[in-house]
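Trainee: Dropping the sequence and predicted coords here.
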Amino acid sequence: ETGVTQTPRHLVMGMTNKKSLKCEQHLGHNAMYWYKQSAKKPLELMFVYSLEERVENNSVPSRFSPECPNSSHLFLHLHTLQPEDSALYLCASSQVGADNSPLHFGNGTRLTVT
Amino acid sequence: DAKTTQPPSMDCAEGRAANLPCNHSTISGNEYVYWYRQIHSQGPQYIIHGLKNNETNEMASLIITEDRKSSTLILPHATLRDTAVYYCIVKGGGGADGLTFGKGTHLIIQP
């Protein structure tokens, strides 16, 4: 059991659907992250929220829309996705300001776009 | 953040020590060395990190060379459940800029 919980664990959606991924951290951290991991590729950082403000958006297509309503919750809203968006989506959290605070990851949502 | 170089794969016999090397020759003075591992279809798991002194916790030991240009992660008694991809990452500061993952080392523990 990790301090970062992601739901759902698996999601299958059609290209015209709208769905949301949810992440919750129970570690008292003040920064949260979305990563994407496609098959046989390294993890790619998508979005960063620090103190509930978005501080990084790594050229991610607008069909991915993050939301951070408070420091414990992070969402990734999905709409009109493409089959190449099928991947493992990982959420992480850390404590910004603590000089060497490691990131703690959830176990991800395995997304399949049909 | 400085780049790291790791071997793509390694084998180790169950019960033996697994020693995973990492080169980070361009590391800066304020950058830490972090190690994570990822078991298939799970999120990366934090293992250990250090700045310049050797570190040990319940999972592993981290040995950093005096010039800080390389490090070794040691799993003292490897088990089959230690089979995973191990990532060595260098990062400085406490900002919210995430970690940059490379391809890591696929460690396979042989029975």
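Mentor: Cool, the structure landed. Predicted, not measured: the structure shown is a model, and the values here were computed from it.
Trainee: who in chain B is up against chain A?
Mentor: B:32, B:34, B:41-46, B:49, B:51, B:93-104 (CB under 8 Å from any CB of the partner chain). From N, CA and C alone the C-beta is placed, and that goes for glycine too.
Trainee: Just the buried ones from those?
Mentor: Listed as buried from those are B:32, B:34, B:42-46, B:49, B:51, B:94, B:96-101, B:104; burial here means 16 or more other CB atoms under 10 Å in any protein chain shown.
Trainee: Tell me how far stretch A:103-112 lies from the chain's centre.
Mentor: The gap between the average C-alpha position of stretch A:103-112 and the chain average comes to 7 Å, counting by CA atoms, centre = their mean, to the nearest Å.
Trainee: How about stretch A:23-40?
Mentor: The answer for stretch A:23-40 is 5 Å, by CA atoms, centre = their mean.
Trainee: Which of the residues in stretch A:21-33 are classified as buried?
Mentor: A:21-25, A:29-33.
Trainee: Could you find the closest non-adjacent residue to the residue nearest in space to the middle of chain B?
Mentor: The centroid of chain B falls nearest to B:Trp35 when counting by CA atoms, centre = their mean (3.4 Å). Closest residue to B:Trp35 apart from its sequence neighbours, by CB to CB, 6 or more residues apart in numbering or on different chains: B:Ile47 at 4.4 Å.
Trainee: try B:Asn30
Mentor: Nearest residue to B:Asn30, sequence neighbours excluded (CB to CB, 6+ apart): B:Gly92, at 4.6 Å.
Trainee: likewise B:Gly43?
Mentor: A:Phe105 (3.5 Å).
Trainee: A:Leu21 now?
Mentor: A:Leu76 (4.3 Å).
Trainee: now B:Ala96
Mentor: A:Ser50 (3.6 Å).
Trainee: What parts of chain A come near chain B?
Mentor: Close to chain B, as judged by CB under 8 Å from any CB, chain A has residues A:2, A:4, A:6, A:31, A:33, A:35, A:42-43, A:45, A:48-50, A:55-56, A:88, A:90, A:92, A:94-108, A:110.
Trainee: what secondary structure does the residue sitting nearest the centre point of chain A sit in?
Mentor: With distances taken as CA atoms, centre = their mean, A:Trp34 lies nearest the centre of chain A, 2.9 Å away. The three-state label given to A:Trp34 by DSSP: H, G, I helix; E, B strand; the rest coil is strand.
Trainee: what bridges to it?
Mentor: A:Phe47, A:Cys91 (DSSP bridges).
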